[in-house]
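>>> one predicted model, sequence on top.
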Amino acid sequence: MFRSFLWLICFGMSFSSFAQEVVGNHGTQTMNPDVSIIFDGVAGWWQHRPLSLAGDDPNLEGTSTTHGGGLTLQEAEISFSSIIDPYLRGDLFLTIPNGEGLEVEEGFITTTTLPLDLQIKAGKFRSNLGRQNGQHLHMQDFVRRPLLNQNFLGVDGLSAPGVQLSWLSPLPFYSVLALEAFAVKQSEDTDAPVQTFGGGGRDDVTMTATWKNFFELDESRSLGLGFNFAQGRSSTAIDPTTLIRPVGYGQKTKLYGADLYFKYKPANTAQSYTSVAWQTEYFQRHFDGDDTIAGQNDGGLYTQVVCQFARRWYVGARIDFLGIPKSQFVLPSQRYSSSLTFAATEFSRFRIYGEDEVVTANDYPQISPLSSMAVLLQFEVSYGVHGAHPF
Amino acid sequence: MKILTILPVSIILNFSIAFGGDALNVVSSIQTLGAIASEIGGDKVVVTSLSKGYMDPHFVDAKPSLVLDLHKADLLIHVGLELEVGWLPPLVQQSRNANIQVGENGDFEAATVIHILRVPTVRVTRAMGDLHPQGNPHFWIPPKNALLIAKALTERFKKLKPDQGAYFDSQYSRFLIKVSELEKKLEPQMRKTKGLKVVPFHDSWAYVSEWLGLEETGYIEIKPGVPASPQHLSTLIGKMNEDKTKAILMENYYNKSTAESVASNTKAKLLEMPSDVGATPEIKTYSDLVTGVVTKIIEAVN
């Protein structure tokens, strides 16, 4: 008994000394931030230039009556992220859309140790509003973002200098409330539809409130449900010929919306390589009226399904509806899109995407064309520090 | 009046202490680390594991529901060496839990106490697949490593709960005895595995091979995350037949099809290995895992 006890002590001691010899012998120590690069290249053709383009859509030129096509570097993104100190983390994403102009897509700090289950984010960042708005281009399953992005949230989505306060509720499921305030810039894009936000003076802050919930139905099925609200003042670009802002500028605006995300993915994906993700978002917008214009309501919706059917293959379909209800700021239209993605590895993807955008004719007989098709081929690569897998 | 309000509070406090309300909340990334924590922590810890033994620990879905587990954690135990890089960091960041942030007392990276194998000696690029540039992270099965982790966890528990130091020490001693008795029991079988020629599916059995004296003669998926090419497979099959390779080792969460076709063209037996506690419903503890691994490999010897 005593001997085995002695042996134990010796054994234990030898272990601790062994452990000390090898402790901390991995990785290169540098204080450099994690750097990674993502870019998307597109080759394609479209029958007519789309009625509205998002900031990170591929720009293949053309006009509303002539076709466009060719090649473009849809977006190049460089990201730098790091833990700053025991209290903060920093993230910076620089992007160059269509090879023109360096933009700060996001640059923000996040707290890591605030009490009361709070977290603050400050800087320039994409709003938490809805589901796709917060995601970068490479998280999208289609080459172009849904139509409600540029029609209701902004050409680059709702993304601006701002601050966010979020609170993880003590409910037994994941439930986060977030409040945001943004200083959105006046729209400068003369092609863009009336923008929901960015109008008025410096003190016309765009505010959002979101409530995000997540339910794990079982190990393979989960459901996300979000409720979204935002208010601000509408903005438009100055009309280059008349040098005045078109009707609809500077009205008080409100957005109400909800988003739904359902995912089926077996815990042990490799057995079948099957998964399904269904995502839907709806926004309804309200413009306040004044002497020049009556109050207006309009809305937009998209719904999409993406299925994995083999180890490296995904197929997706999406339908966009604009103008439910309709107003003078949004053309009632539908867009039907589909995509087929081959993910060669985690770091490269190749995609073929097709869409047909249809404007409801009887409402706008002067609009031509009524239907516009596009076929786009895209590659998407990422390199640098291993990023997180999107959920 | 004051007493009346204080009384219920103190009763509640007493109850919560008596019923383990002050037990340490331990969250592990993989189940084996959680199982080792249970051995040392006993009834002074409550263990939750984010991934389950039948899942691929590289590709756990970063579900927001996991944030809730991390939110209440006093200690997060993870493997490190970028095994969980695809899902754990964003969850920790969202957890709003200061205790478990990198470098805090509630953050325990098991790799820091392990003698790491197969640290690349050449400059790695992703042309070699999605490999781990800091070395092989699949180290938790051999008893030597489990005991190193257990020892370090004992120290960490003592730091987090100084009044229970003697308890954790005695738990560690118990675990040490348990493991050495298990090794003694398995010794006759382990002697048979020495020199056994195997082809692992991935390079994820390095530590087991070293422990059991297995000889790795090749890999099926040579570049992690990139399906094996037909040319590679036909060369491998030729080599396996020449070497008289006895077994293909593959974690039971991988798709069998490629490994099965290699097995059918050679004399090697495809072993669907448990690689983590929880890999099969019967494997509930660390000892079950070790027994399961050895028993499975013996199937190829007989």
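Good, I have the coordinates.

>>> hey, let's count contacts and neighbours off CA atoms from now on
Noted.

>>> which residues in the chain form helices?
If you meant another chain, say so; for now it's chain A. Taking DSSP state H, the helices of chain A run over residues A:2-22, A:147-148.

>>> hmm, no, I was thinking of chain B.
B:2-18, B:31-41, B:65-71, B:88-94, B:143-160, B:165-193, B:206-212, B:230-243, B:257-264, B:286-301.

>>> mind putting the ones you listed in JSON lines, mean pLDDT, mean neighbour count and distance to A:Ser235 included?
Formatted as JSON lines, those follow (pLDDT from 0 to 100; neighbours: other C-alpha atoms under 10 Å in any protein chain shown; distance: least, C-alpha to C-alpha, whole Å):
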{"stretch": "helix B:2-18", "mean pLDDT": "43", "mean neighbour count": "10", "distance to A:Ser235": "56"}
{"stretch": "helix B:31-41", "mean pLDDT": "97", "mean neighbour count": "24", "distance to A:Ser235": "54"}
{"stretch": "helix B:65-71", "mean pLDDT": "95", "mean neighbour count": "22", "distance to A:Ser235": "38"}
{"stretch": "helix B:88-94", "mean pLDDT": "93", "mean neighbour count": "20", "distance to A:Ser235": "34"}
{"stretch": "helix B:143-160", "mean pLDDT": "96", "mean neighbour count": "20", "distance to A:Ser235": "55"}
{"stretch": "helix B:165-193", "mean pLDDT": "95", "mean neighbour count": "16", "distance to A:Ser235": "65"}
{"stretch": "helix B:206-212", "mean pLDDT": "95", "mean neighbour count": "19", "distance to A:Ser235": "61"}
{"stretch": "helix B:230-243", "mean pLDDT": "95", "mean neighbour count": "15", "distance to A:Ser235": "58"}
{"stretch": "helix B:257-264", "mean pLDDT": "94", "mean neighbour count": "16", "distance to A:Ser235": "57"}
{"stretch": "helix B:286-301", "mean pLDDT": "94", "mean neighbour count": "19", "distance to A:Ser235": "63"}
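
>>> closest one to A:His48 among the ones you listed?
For A:His48, the closest of the helices of chain B is helix B:88-94, at 40.9 Å, according to C-alpha to C-alpha.

>>> who's the closest spatial neighbour of the residue in chain B that chain A sits nearest to, skipping the chain neighbours?
Ranking the residues of chain B by distance to chain A (C-alpha to the nearest C-alpha) places B:Gly86 first, at 4.0 Å. Nearest non-adjacent residue to B:Gly86, counting by C-alpha to C-alpha, 6 or more residues apart in numbering or on different chains: A:Ala388, 4.0 Å away.

>>> how close does A:Arg233 get to chain B?
Separation of A:Arg233 from chain B (C-alpha to the nearest C-alpha, to the nearest Å) stands at 31 Å.

>>> thought that residue was touching A:Arg202?
No. With contacts counted by C-alpha atoms under 8 Å, A:Arg233 stays clear of A:Arg202, the gap being 11.0 Å.

>>> neighbour-wise, which of the two wins?
A:Arg233 (25 against 10; other C-alpha atoms under 10 Å in any protein chain shown).

>>> how much space between the more buried one and A:Gly299?
17 Å (C-alpha to C-alpha, to the nearest Å).

>>> now swap in A:Asn149 and tell me
As judged by C-alpha to C-alpha, A:Asn149 and A:Gly299 stand 12 Å apart.

>>> report the contact partners of B:Ser38.
Shown in contact with B:Ser38 (C-alpha atoms under 8 Å, 6 or more residues apart in numbering or on different chains): B:45-47.

>>> now these in a markdown table, with neighbour count and distance to chain A?
Shown next, in a markdown table, are the contacts of B:Ser38 (neighbours: other C-alpha atoms under 10 Å in any protein chain shown; distance: C-alpha to the nearest C-alpha, whole Å):
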| residue | neighbour count | distance to chain A |
| --- | --- | --- |
| B:Val45 | 22 | 21 |
| B:Val46 | 20 | 18 |
| B:Val47 | 25 | 18 |
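
>>> and the stretch 251-391 of chain A, which of its residues are near chain B?
Residues of the stretch 251-391 of chain A that fall close to chain B, judged by C-alpha under 8 Å from any C-alpha of the partner chain: A:267-268, A:270-272, A:344-346, A:386-391.

>>> quick one, which of these has the minimum pLDDT?
When those are compared by pLDDT, A:Pro390 scores lowest at 69.

>>> for A:Leu102, which non-adjacent residue is closest in space?
A:Leu102 sits nearest to A:Ile96 (C-alpha to C-alpha, 6+ apart), 4.8 Å away.

>>> need the contact list for the one you found.
Contacts of A:Ile96 by C-alpha under 8 Å, 6+ apart are A:75-77, A:102-103.

>>> isn't B:Pro274 up against B:Thr280?
Yes. The criterion here is C-alpha under 8 Å, and B:Pro274 meets it with B:Thr280 at 7.0 Å.

>>> more crowded one of these two?
Legend: neighbour count by other C-alpha under 10 Å for B:Pro274 and B:Thr280, higher for B:Pro274 (24 against 17).

>>> which residues of the stretch 201-302 of chain B lie near chain A?
Neighbours of chain A within the stretch 201-302 of chain B, by C-alpha under 8 Å from any C-alpha: B:225-226, B:253-256.

>>> what's the most distant pair in those?
Largest separation among these by C-alpha to C-alpha: B:Val226 and B:Tyr253, giving 16.5 Å.

>>> more neighbours: which of those two?
B:Tyr253 (21 against 16).
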